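Engineer: Pasting the sequence and the predicted coordinates here, then a few questions.
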Amino acid sequence: MTVPDPEDPVWDPREDLQTRRLETLSDGIFAIVMTILVFDLKSLSGPADQLPSALIQLWPNFLGYAVSFSLLGIYWLGHLSQFRFIRNTDHNFIWINILFFGLVALVPFSTASLSRFPFSPVTLALYAGNLIFIGIALYLPWRYATRNRRLVDRSLPEHVVLYGTLRCLGAPAGYAVALGLSLLSPVLALAFFILIPLLYILPAFHPVWIHLAKQLVKEG
């Protein structure tokens, strides 16, 4: 391994950035954001005979916590999975990831807003918009890294690239539908927020993603 020389006039320290530092930053940000979600679950107070009613009234908070925690887990896993193939980084790639982290950090805010007003088109649109932009921001580093095999192995199969693309953009497409439904039926929009994560969590859907990617490559 060649040791970089800072006195070399053509040496650029950005060329020696390592993926492990970016992965460590990702783990820390997700850990903090996922923990902050629980702060929206306020402790119960009042007379003991009214506690069951008070607990039931917190259902939007528990639902928001469960859905957002699951989604953050999916986004963390998606980001982690990209680094199974990404071999190095550069300046642009790091700042694309920082954009992704910034949008992830907004999830507690959009979740708390939705928990407070679960049937408001405004908070539904805010939550959907946050998730749409996170999904797109997750796709951008994958696109940057795999375009012309910039930061991945030259031998990386095309169906793997497409598989990652489908996984990144599938959720934003679903949340775009939820965004439209929020203007017509808040209940249906909430249902989309609950159902879409299942496409990523349940093992039965994993072969479907792979088959779709291979089929699209074959037809393309």
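Structural biologist: Thanks, I have it.
Engineer: name the helices or strands packed onto the lengthiest helix in the chain?
Structural biologist: Looking across the chain with DSSP state H, the single longest helix is helix 121-146. Helices and strands touching helix 121-146, as assessed by 3 or more CB pairs under 8 Å, 6 or more residues apart in numbering; DSSP states H and E, comprise helix 59-82, helix 91-104, helix 107-116, helix 158-181, helix 186-195. For the C-beta atoms, the positions are set from N, CA and C on the backbone; glycine is no exception.
Engineer: Show me what the fourth one is packed against.
Structural biologist: Same thing as helix 158-181. Here helix 158-181 is seen to pack against helix 59-82, helix 121-146, helix 186-195, helix 198-201, helix 206-219 when contacts are counted using 3+ CB pairs under 8 Å, 6+ apart.
Engineer: Pull the distance from it to the chain's centre.
Structural biologist: Using CA atoms, centre = their mean, to the nearest Å, we find the averaged C-alpha position of helix 158-181 to lie 11 Å away from the chain's own average C-alpha position.
Engineer: Just checking, which helix or strand of this structure averages the lowest pLDDT?
Structural biologist: Confidence across the helices and strands of the chain bottoms out at helix 51-56, with a mean of 72, counting by mean pLDDT, DSSP states H and E.
Engineer: Can you add distance to residue 201 and mean pLDDT and give the helices and strands packed on helix 121-146 back as CSV?
Structural biologist: CSV is the format used below for those (distance: least, CB to CB, whole Å; pLDDT from 0 to 100):
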stretch, distance to residue 201, mean pLDDT
helix 59-82, 7, 93
helix 91-104, 18, 96
helix 107-116, 17, 95
helix 158-181, 12, 95
helix 186-195, 11, 92
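Engineer: Indicate which one of those is closest to residue 22.
Structural biologist: For these, the distance to residue 22 is smallest for helix 91-104, at 5.9 Å, taking CB to CB.
Engineer: Can you tell me what sits against the closest one?
Structural biologist: For helix 91-104, contacts defined as CB atoms under 8 Å, 6 or more residues apart in numbering pick out 14, 17, 22, 25-26, 29-30, 33, 72, 75, 79, 130, 133-134, 137-138, 140-141, 144-145, 151.
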